[in-house]
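[1] sequence first, then the predicted structure:
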Amino acid sequence: MKVICNSTPLISLSSIGQLHLLNKLFGEITIPEKVFSEVVVAGSEKYGSSDVKECTWIKVAKTGDTILKNYLMQTLDEGESEVIVLADELKADLVVIDERLARSYVEKAGIRLIGTLGILAKSKLEGYIPSTRDLIQEMLSKGIWFSKTLVNRILIELSEEPL
């Protein structure tokens, strides 16, 4: 399975010590150069930096389609744009991304997607974690933002107490 990941899920999962869930669920994942730069270089000393740098199952790839990237950058940031371009170029099976506008582009391209909360939900359903609620609360306490409506909808679907 070819999985392309954006920076926010890497940072969010790393902030709670759960980056390994990506590997458990999908094996190897690929990130574009800009995402690596955002998380490891610009994000040095922040959540995700050392984790992403040290993960042997995270591969970094260069994008080629500068025309598509420049078009996407009219409304998305560079990392999100490279994720979408790379997903297209590698014929990805799945994109891991949280930002609403970027998700709409991925959906329009016909590529399956999942976000950080979806990763936690899938991890619970597959038995990798016992609960999502505490992990979500921990992310929220560390400044990671999610819509409360979305969080509660997922918790209810997983038979967990809403926040």
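    Looks like it arrived, so ask away.
[2] which residues in this protein form strands?
    Applying DSSP state E to the chain gives strands spanning 3-5, 29-32, 58-61, 94-96, 112-114.
[3] mean confidence for stretch 41-61?
    Averaged over stretch 41-61, pLDDT sits at 92.
[4] identify each buried residue in that stretch, please.
    The neighbour-count check on stretch 41-61 (16 or more other C-beta atoms under 10 Å) flags 43, 47, 48, 49, 51, 52, 55, 58, 61 as buried. The way it works is simple: take the backbone N, C-alpha and C, and place the C-beta from them, glycine included.
[5] could you work out the most separated pair of those residues?
    47 and 61 (22.6 Å; C-beta to C-beta).
[6] for the helix ranked longest in the chain, packing partners?
    For the chain, the longest helix by residue count, based on DSSP state H, is helix 78-89. Judged by 3 or more C-beta pairs under 8 Å, 6 or more residues apart in numbering; DSSP states H and E, the packing partners of helix 78-89 are strand 3-5, strand 29-32, helix 33-36, helix 66-72, strand 94-96, helix 100-108.
[7] tabulate these in TSV, adding columns for mean pLDDT.
    TSV is the format used below for the helices and strands packed on helix 78-89 (pLDDT from 0 to 100):
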stretch	mean pLDDT
strand 3-5	98
strand 29-32	98
helix 33-36	97
helix 66-72	96
strand 94-96	98
helix 100-108	95
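[8] can you put these in JSON lines and add mean neighbour count?
    As requested, the helices and strands packed on helix 78-89 are arranged in JSON lines below (neighbours: other C-beta atoms under 10 Å):
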{"stretch": "strand 3-5", "mean neighbour count": "26"}
{"stretch": "strand 29-32", "mean neighbour count": "24"}
{"stretch": "helix 33-36", "mean neighbour count": "22"}
{"stretch": "helix 66-72", "mean neighbour count": "14"}
{"stretch": "strand 94-96", "mean neighbour count": "24"}
{"stretch": "helix 100-108", "mean neighbour count": "15"}
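[9] out of those, which is closest to residue 85?
    Closest to residue 85 of the helices and strands packed on helix 78-89, according to C-beta to C-beta: helix 66-72, at 4.9 Å.
[10] what sits up against that closest one?
    Here helix 66-72 makes contact (C-beta atoms under 8 Å, 6 or more residues apart in numbering) with 63, 78, 80, 81, 82, 84, 85, 88, 105.
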